[in-house]
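Asks: Build me a structure from this.
(chains A and B)
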2 protein chains.
Amino acid sequence: MACMRHRKRTTRTVGATASKGARTRTSILERAANLATAKGLDQLSLGELADELGMSKSGIFAHFGSKEQLQLETIDHALSVFVERVVQPARLAPEGLTRFWTLCERWLTYCESEVFSGGCFFAAASVEFENRPGTVRDRITALVARQFLLLETELREAMPEGESTAYDEPIRQIAFEISVAINGANWHYQLFRDPSVFRRARTALAHALDRLSSRACRSENDRAVLQHP
Amino acid sequence: MACMRHRKRTTRTVGATASKGARTRTSILERAANLATAKGLDQLSLGELADELGMSKSGIFAHFGSKEQLQLETIDHALSVFVERVVQPARLAPEGLTRFWTLCERWLTYCESEVFSGGCFFAAASVEFENRPGTVRDRITALVARQFLLLETELREAMPEGESTAYDEPIRQIAFEISVAINGANWHYQLFRDPSVFRRARTALAHALDRLSSRACRSENDRAVLQHP
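Replies: Next up is the predicted model:
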């Protein structure tokens, strides 16, 4: 899952000050990511963040220097949360369709449990910025593209050796269907608050994977995944 | 398709003045709906609209009285466009799966041809307002719910007599999968500008309908729809 590995930032300060500074920075970014999913990434206000965190506006400004920098670091923070909640747990699952299913299942759980108060950060930010050219849009688009690629790559890697080329077109199609089912469930839930939509998304995932047929199974675990987990 | 029939507004003025007033109002709403998909419904600015239409800000204000009223009428205008482009052409198609397929096909074409410059109005506005309680959110949510219901209802009506109850659960599931494929293609296209995503959505639609099997066909037309149109 190299395509979603998160690059760690280096801090410029050292020792106790660095820890305190880093902690404050993380608190600001956590609050900013939540506010962004609820109100919009472009609606982030240094004043509102300062009020919520009991800090001064200039204190927040000192950490980021500009609203755009705050937005970019908020996006990177949201990515690190996605990697921690979705990508890393999947890496611990057995290789094959079991790992792929774990990835999808964790992704749905991340939306369902509202890790961010307004649902998936990238779903919200990508719609907000899709028609606003600039650095922020470029960063969001690149990360959403990596999320799509992650589904395709993991599904390709789940195929038995020598089979992934034959499955290339179905894999792309299934990755599309699964991606829209996950993001669609997130959208539907944010609008209507009906949790049964996640069951619908899981059924859609199982239907899409059904089309791979048992040829795609490498193990008993994988066969179980294809039998509607 | 009663659930998506659009209620016509009555104008309060009469004769030539009414026509001119109505035309101006429609011009404002057309421009507002386009701006809303590109920049956000909450970003609608009376000043920007006035500049673009060569009107005074007070001239625009006189038509709507408040930003919220402008937003609500913009939503209604977007609905009338959706009904004209998607719902009405489907009503002219032969009953059954052919009509259902026409509805989906027109919906995809409405997204693909960017009737609104930022893609589907309701997809954009619903994400923007999902976490902003109030009259505008209520109106958008009600209309998106009606769009979901339209898919379910049309699919149910396409079933042979006496079969729709047996198909109730599959119909709800298929309507979900088709809805997220259409909206997902719109989202993907707005982000990545890759038109092949609409082919993926059409394939997803055909896969979902495949599960109804040939029992759901009432005519030769319907059988052709199930054979991957």
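
Asks: list the buried ones in the helix or strand harbouring residue A:101?
Replies: Here residue A:101 is covered by helix A:97-112, with elements defined by DSSP states H and E. Neighbour-count burial for helix A:97-112, counted by 16 or more other Cβ atoms under 10 Å in any protein chain shown, picks out A:97-108, A:110-112. For every residue, glycine as well, the C-beta is placed using N, CA and C.

Asks: What is the nearest of the residues you listed to residue A:211?
Replies: Ranked by distance to residue A:211 (Cβ to Cβ), the buried residues of helix A:97-112 are led by residue A:97 at 12.6 Å.

Asks: where does the closest one land on pLDDT?
Replies: What the model reports for residue A:97 is a pLDDT of 89.

Asks: Same check on the one 4 residues further on?
Replies: Among the per-residue scores, residue A:101 holds a pLDDT of 94.

Asks: Roughly how far does the closest residue to residue A:33 other than its chain neighbours sit from residue A:139?
Replies: Setting aside the residues directly before and after it, residue A:33 is nearest to residue A:78 in space (Cβ to Cβ, 6 or more residues apart in numbering or on different chains), at 4.8 Å. Separation of residue A:78 from residue A:139 (Cβ to Cβ, to the nearest Å): 11 Å.

Asks: now swap in residue A:95 and tell me
Replies: 31 Å.

Asks: hmm, the helix holding residue A:101 touching chain B?
Replies: No: taking Cβ under 8 Å from any Cβ of the partner chain as the criterion, helix A:97-112 and chain B are apart, separated by no less than 12.7 Å.

Asks: middle-most residue in chain A, spatially?
Replies: Closest to where the C-alpha atoms of chain A average out (Cα atoms, centre = their mean) is residue A:82, at 4.2 Å.

Asks: That one: what's it in contact with?
Replies: Residue A:82 sits next to A:4, A:110, A:121-122, A:147 when contact means Cβ atoms under 8 Å, 6 or more residues apart in numbering or on different chains.

Asks: With secondary structure and pLDDT added, can I get those residues in JSON lines?
Replies: Shown next, in JSON lines, are the contacts of residue A:82 (DSSP: H, G, I helix; E, B strand; the rest coil; pLDDT from 0 to 100):
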{"residue": "A:4", "secondary structure": "helix", "pLDDT": "71"}
{"residue": "A:110", "secondary structure": "helix", "pLDDT": "97"}
{"residue": "A:121", "secondary structure": "helix", "pLDDT": "96"}
{"residue": "A:122", "secondary structure": "helix", "pLDDT": "96"}
{"residue": "A:147", "secondary structure": "helix", "pLDDT": "96"}
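
Asks: Going by distance to residue B:177, which of those wins?
Replies: residue A:147 (19.7 Å).

Asks: Pull the number of nearby residues for the nearest residue to the closest one once chain neighbours are set aside.
Replies: In space, and not counting its chain neighbours, residue A:147 is closest to residue A:122: 6.6 Å by Cβ to Cβ, 6+ apart. Residue A:122: 22 surrounding residues under other Cβ atoms under 10 Å in any protein chain shown.

Asks: In contact with residue A:122, which residues?
Replies: So residue A:122 contacts A:78, A:82, A:140, A:143-144, A:147 (Cβ under 8 Å, 6+ apart).

Asks: Most widely separated two among these?
Replies: Top of the distance list for those (Cβ to Cβ): A:82 and A:140, 12.4 Å.

Asks: roughly how far apart are residue A:191 and residue B:48?
Replies: To residue B:48, residue A:191 is 28 Å away according to Cβ to Cβ.

Asks: Please pull out the lowest mean pLDDT helix or strand from chain A.
Replies: helix A:220-226 (a mean of 67; mean pLDDT, DSSP states H and E).

Asks: What distance do you get for residue A:212 to chain B?
Replies: Residue A:212 sits 13 Å away from chain B, going by Cβ to the nearest Cβ, to the nearest Å.

Asks: residues near that residue, how many?
Replies: 21.

Asks: Could you do residue A:146 as well?
Replies: Neighbours around residue A:146, by other Cβ under 10 Å: 15.

Asks: Repeat that for residue A:141.
Replies: Residue A:141: 17 neighbours (other Cβ under 10 Å).

Asks: one step back: just flag the most distant two among the contacts of residue A:82.
Replies: Longest span within the contacts of residue A:82, Cβ to Cβ: A:4 and A:121, 14.1 Å.

Asks: Please identify which of those two sits among more neighbours.
Replies: More neighbours surround residue A:121 than the other of residue A:4 and residue A:121, with 25 against 21 (other Cβ under 10 Å).

Asks: which ones are touching the more buried one?
Replies: Taking Cβ under 8 Å, 6+ apart, one finds A:33, A:36-37, A:75, A:78, A:81-82 in contact with residue A:121.

Asks: Three-state assignment for residue A:61, please.
Replies: Under DSSP: H, G, I helix; E, B strand; the rest coil, residue A:61 falls in the helix class.

Asks: For chain B, see how far away it is.
Replies: 24 Å.

Asks: I figured that residue was touching residue A:49, is that so?
Replies: No: assessed by Cβ atoms under 8 Å, residue A:61 is found out of contact with residue A:49, at 10.0 Å.

Asks: and the two? which has more neighbours close in?
Replies: Between residue A:61 and residue A:49, counted using other Cβ under 10 Å, the more crowded position is residue A:49 (21 against 15).

Asks: sorry, back to before: pick out whichever of residue A:191 and residue B:48 has more residues nearby.
Replies: residue A:191 (21 against 16).

Asks: give me every residue that touches that one.
Replies: By Cβ under 8 Å, 6+ apart, the neighbours of residue A:191 are B:126, B:130, B:141, B:144.

Asks: Distance from the chain centre to the host helix or strand of it, please.
Replies: Per DSSP H and E, residue A:191 falls inside helix A:168-192. Helix A:168-192 sits 13 Å away from the centroid of its parent chain (Cα atoms, centre = their mean, to the nearest Å).

Asks: Quick one: name whatever helix or strand follows it.
Replies: Note on helix A:168-192: by DSSP H and E, the next helix or strand toward the C-terminus is helix A:196-210.

Asks: For that next one, which outside residues touch it?
Replies: Counting by Cβ under 8 Å, 6+ apart, A:97, A:101, A:104-105, A:108, A:111-112, A:174, A:177-178, A:181-182, A:184-185, A:188-189, A:225-226, A:228-229, B:172-173, B:176-177, B:180, B:207-208, B:211 sit against helix A:196-210.

Asks: Over to stretch A:19-29?
Replies: A:11, A:13, A:49, A:53, A:55, A:60, A:63-64, A:70, A:73-74, A:77.
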